[in-house]
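Chemist: structure of the sequence below:
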Amino acid sequence: MKTEVSAAASFITRLLKTTGLLTEEQLEQFSLSLEKALGEHYQHHWFPQTPCRGSGYRCIRINHEMDPLIAKAASTVGLSQEQLFLLLPSELTMWIDPYEVSYRIGEDGSICVLYESTPPPPVLANGGSTDKMISCKDELRIRRSSSSKPLSMMTVSS
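Modeler: This is a model prediction of the structure:
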């Protein structure tokens, strides 16, 4: 979970860094505060064997309201929610799931993958293993393939 949470916090921090309004110390403090808030919030909602379970709970969302975890971290560096709305995209959705962190800017934007790793194969009760685990991204693709809206994805590397 630490890697996924760190990837998400780093991404939000980089968005704030591009504004040039925060010092390196403020950015570092924000990032650490956001990592801590996310880790505590997800502690009992992290299921590596079923990565999509709890995905809605782990979703960070900025639309007409500021995500409370981002607002909490921002308050540690003196940023108000009003300032955050000016500094961050007005529509941002981020999914922090085991083995994958993805985001979308805009309601109809492409889904971009920030971090992705290969999960270990699930172990069956009889000791064998299977490769039937479906990532949240793949599950979303399956669901959206029956929708009239196309789904587009891209991978972002840093």
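Chemist: pull the longest helix from this protein.
Modeler: Counting by DSSP state H, the longest helix found in the chain is helix 24-42.
Chemist: for residue 97, what are phi and psi?
Modeler: With angles defined as degrees, to the nearest 10, residue 97 sits at phi -120, psi 160.
Chemist: give me the neighbour count for it.
Modeler: Residue 97 has 25 neighbours, counted by other CB atoms under 10 Å. Where C-beta positions appear, they are placed from N, C-alpha and C, glycine not excepted.
Chemist: let me see the contact set for residue 5.
Modeler: Applying CB atoms under 8 Å, 6 or more residues apart in numbering to residue 5 gives the contacts 35, 38-39, 42, 96.
Chemist: count of neighbours near residue 36?
Modeler: For residue 36, the neighbour count with other CB under 10 Å is 16.
Chemist: how far away is it from residue 6?
Modeler: According to CB to CB, to the nearest Å, residue 36 and residue 6 sit 11 Å apart.
Chemist: residue 97 too?
Modeler: Using CB to CB, residue 97 is found at 14 Å from residue 6.
Chemist: any idea how far residue 47 lies from residue 83?
Modeler: 35 Å.
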